[in-house]
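Peer 1: Turn this into a model:
(chains A, B, C and D)
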2 protein chains.
Amino acid sequence: MANSKRKVLSQDQIHLIVKALSDPRRYEILKHLRQSGQALACETVRGCMEITPATLSHHMKELEMAGLVQVVREGKFASYVLRRDVLEAFLQGVHADLI
Amino acid sequence: MANSKRKVLSQDQIHLIVKALSDPRRYEILKHLRQSGQALACETVRGCMEITPATLSHHMKELEMAGLVQVVREGKFASYVLRRDVLEAFLQGVHADLI
DNA sequence: TCGATAGTTTTACAACTATCTAATCGATGC
DNA sequence: GCATCGATTAGATAGTTGTAAAACTATCGA
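Peer 2: Have a look, this model is predicted:
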């Protein structure tokens, strides 16, 4: 198979990810990341969704801890990258658990 | 395709489902439902997970409102059925949104 | 009809969380 | 060094939610 070395997530990881997805703003952020295709600057995210820096930082931390995004810091700037492999493993895990 | 008339969920429905999945006990209940293959009596669920009737009732209501289970009442008994079609539509929706 | 049983609803409470302001940290430019 | 700017952290607060006790509803058996 083309993608056979897919990671298997623990129940804790799945739980973390579901919790991360359960906030509408975080879900929205992830959708933006996906649509942009590649890394998205923190400022860019703030530009498209009316959110204070502190709140955004909090949400990004949550997404990072869930493993859904990777934070790339360059100088005083930060960018976020969607971790598609983790998302795929997550969907795979839920599928295996519940379907 | 074998299953082409798959339902498309709204963002609100996806959000409801993610929230429903975000509680460990609810996720556990769904796993039991899946493992049992068919309908599971309320009493049976209570038998395998140390939960008070009130709390279970609350969680089942949540799962029902999310569309993830169907509640079947017969006399004074209640059984729960996993709605696999909704779960599949959910995974499909998240996949379309984020991958 | 009574009493027992299965589930639900109400109510109350503790724990959690999203949000913001203010303070802080780190890097960049003068 | 000092000021500025981007981002994070700390603290405070309001709203949400999981939990269970108690009251309630509905069904069944005697």
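Peer 1: State the distance from A:Glu43 to A:Thr52.
Peer 2: Counting by Cβ to Cβ, to the nearest Å, the separation of A:Glu43 from A:Thr52 is 13 Å. C-beta: built from backbone N, CA, C; applies to glycine.
Peer 1: Looking at these two, which is more packed in?
Peer 2: Neighbours per residue (other Cβ atoms under 10 Å in any protein chain shown) separate A:Glu43 from A:Thr52, with A:Glu43 holding more: 12 against 9.
Peer 1: For burial, what's the neighbour tally of the residue lying closest to A:Met65 once chain neighbours are set aside?
Peer 2: Of all residues not flanking A:Met65 in the chain, A:Leu16 sits nearest, at 6.9 Å (Cβ to Cβ, 6 or more residues apart in numbering or on different chains). Per other Cβ under 10 Å, the neighbour tally for A:Leu16 reads 19.
Peer 1: Would you tell me whether the one helix or strand A:Leu16 maps to gets close to DNA strand D?
Peer 2: Per DSSP states H and E, A:Leu16 falls inside helix A:11-21. No. Applying Cβ under 7 Å from any atom of the strand, one finds helix A:11-21 separated from DNA strand D by no less than 9.8 Å.
Peer 1: between that helix and helix B:11-21, how big is the angle?
Peer 2: Taking axes from the mean of the first three to the mean of the last three Cα atoms, to 10 degrees, one finds helix A:11-21 and helix B:11-21 inclined to each other by 150 degrees.
Peer 1: packing partners for helix A:11-21?
Peer 2: helix A:24-36, helix A:53-65, helix A:84-98, helix B:11-21, helix B:24-36 (3 or more Cβ pairs under 8 Å, 6 or more residues apart in numbering or on different chains; DSSP states H and E).
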